[in-house]
Every structure is written in structure tokens, then in C-alpha cells.
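K.L.:
Next come a sequence and a model predicted from it.
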Amino acid sequence: MRESLYNIAPLFNIDHIKKLNKVINENLVEGNDKPNTKAIKTSQVKFVNLGTIQGLIIPFLDFILSSNTFHYGFDLFQLTGSKKLNYNTYQENEEYTWHIDATPRSPVKDIKLTCLLNCSEEPYVGGDLCLFRDKEIKIENFNPGTAIVFPSFINHKVEKITSGSRASLAIWMNGPKFR
């Protein structure tokens, strides 16, 4: 693996985020959230199929793939239109404590990358994304329309929202089981 804790980039303006949120909320599907059992997750989780919003998030998908190519080098499975994406919303006093993203029971795949797009439409206080490698790192400039990609085995959390609300779209990139 090439050394890069995370890769971050502003991708969309607020008007595009509002349009994306509208399409997501009009096309929610049933899904099952499987949060890390050792963490506290109090956010609301909804689901949308990638195919429904794929045309609206092409720059995000390109950013994910280029991040992997230039920073991580994982073998990744191809995304399909039926892949369910998590749409997480955090209201006041909601959080997701320290955890890693993993598929511990799968004999054939592992989550390689955690890919988040900040879909918030209004300012909020708290709700910072933090990563941990040797020390806690608070991610600066993870503003609405910004995307971040990092290896899924990196410990991370979303701090408690103190006012406003935060929304994010999560794509987990899977690949063959780590050896």
C-alpha cells in the first residue's frame, strides 16, 4: 500500500448537493444497516441504489477510483447499479463513535475503501470526521460537496452534532479478501 492516510477534494457546489439530496430522498430503498457492534451509532440511515444517482455523482466515482490508483493500489470489485449506498443523517446529539468498516463474516471479500461525500445543505456545528493513526486527526475542510477516501481499516468516528444537521453518502469499495 502506498502511504496516504486519506485523500480529500471539493467536488460539488451546494446547488448540486441539493439536487442530489432531492433525488436520493425520492428514490430510497429498503436496506439493512450493519454498524460496528463495538461502536455507538445514533445517526439515521437510509439507502439508495447507485444506479439511481450514478449520473449525478460521476466526479465522486472518478475521485474514488483515482484515489485508489494513485494512493492505495487495492484490488477492487466493479460497482454495479444495484449496489446499495448508505445515506447517513445526523441530528443534534447524534454520533458514530470510533470504529472501522469491515466485513468480518465474508469468506471472499473485504471492504477496502471508505468513501464519503458530505451532502449537508446547511451549516452545522460538531459532527467532525476524525481518523486515528498514531494520533487523532480531525479532518479539516470536509465541507458540503467535499469527498474523502481512506482505507476502511483506519479507525474513524463522527463526533456528536451540537447544532444543525449533517448528511453524508457512503460508498464502501469491496475487493478480494486481504491475505
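P.N.:
Received the coordinates, thanks.
K.L.:
quick one, helices of this structure?
P.N.:
14-26, 50-53, 58-67 (DSSP state H).
K.L.:
average model confidence for the longest one?
P.N.:
Taken as a whole, helix 14-26 has a mean pLDDT of 98.
K.L.:
Could you list every helix and strand in contact with that helix?
P.N.:
The helices and strands touching helix 14-26, judged by 3 or more CB pairs under 8 Å, 6 or more residues apart in numbering; DSSP states H and E, are strand 44-49, helix 50-53, strand 166-176. C-betas here are computed from N, CA, C, even on glycine.
K.L.:
For P35, find the nearest of the ones you listed.
P.N.:
strand 44-49 (8.1 Å; CB to CB).
K.L.:
would you put the C-alpha positions of that closest one in CSV?
P.N.:
Only the C-alpha atoms of strand 44-49 are listed here, as CSV (Å, rounded to 0.1, in the frame of the first residue of the first chain):
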residue,chain,number,x,y,z
GLN,A,44,-30.4,7.8,10.8
VAL,A,45,-29.5,5.6,7.9
LYS,A,46,-31.4,5.4,4.6
PHE,A,47,-30.4,3.6,1.4
VAL,A,48,-30.3,4.4,-2.3
ASN,A,49,-29.2,2.3,-5.2
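K.L.:
Residues contacting that strand, please?
P.N.:
Residues from elsewhere that reach strand 44-49 (CB atoms under 8 Å, 6 or more residues apart in numbering): 24-25, 27-31, 33, 81-91, 94, 169.
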